[in-house]
Every structure is written in C-alpha cells, then in structure tokens.
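sharing a model prediction with you, sequence too.
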Amino acid sequence: MKKTVFYLSAAVVFNVMALLSARAAYLHHNVLFTWVAMLTLGMAGFCFALLLRDQMTAIVNVLWIAFSTMGITVMSFCVFDERMSLTQLLGMLIVLVGLTLLGQGGAKPDE
C-alpha cells in the first residue's frame, strides 16, 4: 500500500510539474522549461508504469487523472493567477465526491 501511495503521488507531482513547466515555456519562450517539462513528463510516465505493475489499471488511471487535473487547476490558480469559474469549482467538487464514493466501494476480501 505504501508503494502505491508513493508511486501515485510521484506520478501526480511529476505530471503537474510537467504541465506547469510547459506553460512557463510557452509564456516565457525559454527552452529550459521545455526540457524540464519533457523530463518530468517522462518521470510521471515511469512512475505510472511502476504503479500499474501491482494495482488495478482502471482505479489507478482514474486516481491519476483526477488528482493531476485538480493539482494542475490549483497550481495554475496559485502560480499563474488564473481564475477558476464556478463550473470548474463544481467539477472539482464532483470529482472529490466521486473519489470518495470510489473509496467506499470495492470488492469484499475473501474470508
């Protein structure tokens, strides 16, 4: 379980870093940000591949997409002063409710 949380967290952090770096490369026309974006996106893919070795693909994919999307939205708000619309806030709330419901369900272990 600890490996799962570590790999998922690392994949999300690297994914958020990659997209923020790509945005910075576009805004500042700096090649260094492009290289950072490519490197961190590769690391996110590597962590995701390690995560898929031991876990259920569907659940891991949903968690990665949800946490990455929320992380990117929040970091864009904090770093680039982007405004979040009511629709985006409601969407993030729905994602959080969905993740909570996903965590509540699941197969019962064999006894």
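Thanks, I have it. Residues are numbered from 1 along each chain as shown.

residue 59 reaches residue 102, doesn't it?
Yes - here residue 59 reaches residue 102: they are 7.1 Å apart, a contact under C-beta atoms under 8 Å. In this view, the C-beta of every residue, glycine as well, is placed from N, C-alpha and C.

list the buried residues for the lowest-mean-pLDDT helix or strand in the chain?
Least confident helix or strand, the chain: helix 57-79 with a mean of 81, by mean pLDDT, DSSP states H and E. Taking 16 or more other C-beta atoms under 10 Å as the basis for neighbour counts, the residues of helix 57-79 that come out buried are 60, 63-64, 66-73, 75-76.

go on, stretch 26-46?
Of the residues in stretch 26-46, 33, 36, 37, 40, 41, 43, 44 count as buried by neighbour count, 16+ other C-beta under 10 Å.

is residue 82 part of a helix or strand, or is it coil?
Secondary structure, DSSP: H, G, I helix; E, B strand; the rest coil: residue 82 is coil.

need the contact list for the spatially most central residue of the chain.
Centre of the chain computed as the mean C-alpha position; nearest residue by C-alpha atoms, centre = their mean is residue 68, 1.8 Å away. Each residue near residue 68 by C-beta atoms under 8 Å, 6 or more residues apart in numbering is listed here: 11, 12, 15, 16.

roughly how far is the longest helix belonging to the chain from the heart of the chain?
With DSSP state H setting the assignment, residue counts place helix 2-28 as the longest helix in the chain. Its chain's average C-alpha position is 7 Å from that of helix 2-28, according to C-alpha atoms, centre = their mean, to the nearest Å.

just stretch 50-68 next, same as before
Relative to its chain's centre, stretch 50-68 lies at 10 Å (C-alpha atoms, centre = their mean).
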